[in-house]
Structure formats: C-alpha cells, structure tokens
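**Q** how would this look folded up:
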Amino acid sequence: QVQLVESGGDLVQAGGSLRLSCAASGRTFSSYAMGWFRQAPGKEREFVAAITWSGGSTAYADSVKGRFTISRDNARNTVYLQMNNLKPEDTAVYYCAANFGRYPSVVTDSKLYAYWGQGTQVTVSS
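**A** Numbering: from 1, shown residues only. So this is what the prediction gives:
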C-alpha cells in the first residue's frame with residue numbers, strides 16, 4: 001500500500017509556471033506506475049500525464065502536451081508535474097495516483113489506479 005501527498009498548488013497568472021510534487025510513502029515506490037489527473041468544477045476527472053515505474057515512458061493529454069512535464073525521482077519517492085505556460089482552463093484540483101506494477105507502458109485510465117492523493121488546487125487567473 002502507498003500513501004500519496006500532493007503539494008505545490010497555488011494561484012498563478014496565465015503564462016506562469018508551477019511545479020506540483022507528490023510524495024509517496026512506502027519502500028516500493030519504484031514499482032508503481034504514476035499518474036496525474038485533474039478535476040475542474042462541474043467536470044469529470046481527466047487524465048493529465050503518466051509515467052512508467054522506471055520513468056522511461058511518459059504520456060500526456062493533448063491539452064497539456066508541450067507545456068507540462070511529468071518526472072519522478074525514485075530515490076526521493078516523489079513524482080513531479082512541471083506546468084509551464086499555464087492557461088485559465090488549467091484551473092482544477094490536481095491529483096496524483098499510483099498503480100502497483102512494473103508495466104512497460106504508461107497507464108492513462110483512472111480506473112486502473114488504486115491509490116490517490118487528496119489533491120492540490122491550481123488556479124490560473126486571466
């Protein structure tokens with residue numbers, strides 16, 4: 001089992017940057033595929049980015065491709081989401097999620113993630 005704690009959410013102007021962090025407990029973090037999802041008010045939770053257990057493969061939603069970067073530091077049990085050129089439509093609660101397994105491909109389906117953090121609010125003003 002793993003516990004996840006997100007941080008780094010804030011209020012930022014359009015065009016600005018933020019880096020979200022997700023710290024995981026447990027000694028087997030390197031065996032988890034990780035993902036970031038977000039949920040805006042009145043909308044369903046949506047996929048943002050994902051990374052394999054090794055960090056060798058990543059995937060992004062079309063809406064954030066080229067602006068967001070997911071990375072992980074297995075020595076620090078942490079996954080990051082670097083968000084650049086933020087837009088008002090990026091406003092949402094951002095969640096990190098973990099899926100146990102050294103899969104060769106990234107996991108983008110939220111239903112396949114067993115563990116979730118509590119979320120961190122990102123607000124982008126225009």
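**Q** only C-alpha atoms for contact and neighbour calcs from this point on.
**A** Noted.
**Q** who's in contact with Gln118?
**A** Leu4, Val5, Glu6, Tyr95 (CA atoms under 8 Å, 6 or more residues apart in numbering).
**Q** correction: Asn99
**A** If you count contacts by CA under 8 Å, 6+ apart, then Asn99 has Tyr32, Ala33, Met34, Leu112, Tyr113, Ala114, Tyr115 around it.
**Q** Show me where this structure dips below the pLDDT cut-off.
**A** Filtered on pLDDT under 70, the chain yields no residues whatsoever.
**Q** switch to 90 and redo it
**A** 1-2, 26-30, 101-104 (pLDDT under 90).
**Q** Out of the contacts of Asn99, grab the one that's most surrounded.
**A** Sorting the contacts of Asn99 by how many neighbours each has (other CA atoms under 10 Å) puts Met34 first, at 33 neighbours.
**Q** Excluding covalently adjacent residues, which one is nearest to that one?
**A** Ala98 (4.7 Å; CA to CA, 6 or more residues apart in numbering).
**Q** CA-only coordinates of the helix or strand that neighbour falls within in CSV, if you can.
**A** In this structure, Ala98 sits in strand 92-100 according to DSSP states H and E. Extracted in CSV, the C-alpha atoms of strand 92-100 (Å, rounded to 0.1, in the frame of the first residue of the first chain):
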residue,chain,number,x,y,z
ALA,A,92,-8.6,22.4,-11.3
VAL,A,93,-7.8,20.2,-8.4
TYR,A,94,-4.8,18.1,-9.4
TYR,A,95,-4.5,14.6,-8.1
CYS,A,96,-1.6,12.1,-8.3
ALA,A,97,-2.3,8.4,-8.4
ALA,A,98,-0.4,5.2,-8.1
ASN,A,99,-0.8,1.8,-9.7
PHE,A,100,1.3,-1.1,-8.5
